[in-house]
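# Could you work out the structure for the sequence below:
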Amino acid sequence: MSLCFETNPEPKQINMKRQTPPLTANTTPLTADLGTLNVDTAPLKATCETMKIDATPLKGNLETLRVEPPNYLVRYVKGTRTLQHKGKTYCYFVVSAAFGVDNNAPRVFTICTKDDHILMISDEYPEEYRELGLIHEIIEYIDFAEKTGEHVCKKALQAELLLAEKQVSDFSEYKTFRLGFFEAMVEYYENKDRTPEEDQTLKGMKHSLEHLRKLTH
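Predicted coordinates for the structure are as follows:
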């Protein structure tokens, strides 16, 4: 639903024929007070001139906050949630695992679409880990948007693991889960007809998978 505001309302007609008599009270004392009252306005002036307000977080919030899923996703959406990352609020969709099945992909998935940064996660992804999985996507595709190369996914994973170590109840179990996640994703990409861009994605996932294997063995 959008809200429509009247930006050019018609001016109201004001009856100017009946006016109150002019105020004849003696204003001299007031004038004297203003003239003799010594108020140092310098601190206020300095505050106004030197106060810097960073509007970037607000701008980011407005750009990344989504409340309506795209048409292709509507029938799969189970719920809408928000998460915080680096001062910004991101909206994401909890999506039925059937979305992965219908696209011949794994049932457990995290997605950040490249162009419009729609965030979604499978409803079979463990709830305790969901925000971390999505933060990985945000780091890789938004924070690192200007970075290129097959190691970006691994760098996002490393940043994710630093957060996970402080947040999850069992970090060892978390690493094992992510190992299985990347194994399934690598297998999916290896067995599909890939575009050149997907070839790059697969290379990046293999670096992440290798990193997790070293951490869990």
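
# Under a three-state scheme, what state does Cys91 occupy?
Following DSSP: H, G, I helix; E, B strand; the rest coil, we place Cys91 in the strand state.

# where does this protein dip in pLDDT?
Along the chain, segments meeting pLDDT under 70 span 1-66.

# 50 instead, please
Along the chain, segments meeting pLDDT under 50 span 1-25, 27-37, 39, 41-63.

# quick one, helices of it?
Taking DSSP state H to define them, one finds helices in the chain at 28-36, 42-50, 56-64, 98-102, 130-138, 152-167, 171-190, 196-216.

# Out of those helices, which is closest to Lys78?
With Cβ to Cβ as the criterion, Lys78 lies closest to helix 98-102 of the helices of the chain, at 10.0 Å. Bear in mind the C-beta positions are built from the backbone N, C-alpha and C, glycine included.

# helices or strands up against that closest one?
strand 119-122 (3 or more Cβ pairs under 8 Å, 6 or more residues apart in numbering; DSSP states H and E).

# The strand it packs on: which residues count as buried?
In terms of neighbour count (16 or more other Cβ atoms under 10 Å), strand 119-122 has its buried residues at Leu119, Met120, Ile121, Ser122.

# Which of those residues sits closest to Val95?
For the buried residues of strand 119-122, the closest approach to Val95 (Cβ to Cβ) belongs to Met120, at 4.7 Å.

# Is that closest one in contact with Val74, as I believe?
No. Met120 is not in contact with Val74 according to Cβ atoms under 8 Å; the separation is 11.8 Å.

# quick one on the thing from earlier: make TSV out of the helices of the chain and add distance to Thr110 and mean neighbour count.
Putting the helices of the chain into TSV (distance: least, Cβ to Cβ, whole Å; neighbours: other Cβ atoms under 10 Å) gives the following:
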stretch	distance to Thr110	mean neighbour count
helix 28-36	65	9
helix 42-50	43	9
helix 56-64	16	13
helix 98-102	11	16
helix 130-138	4	21
helix 152-167	11	17
helix 171-190	8	17
helix 196-216	12	16
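
# ok, the residue lying closest to Glu183 once chain neighbours are set aside - contacts?
Nearest residue to Glu183 in three dimensions, chain neighbours excluded: Leu209, at 6.4 Å (Cβ to Cβ, 6 or more residues apart in numbering). Leu209 makes contact with Leu179, Phe182, Glu183, Val186, according to Cβ atoms under 8 Å, 6 or more residues apart in numbering.
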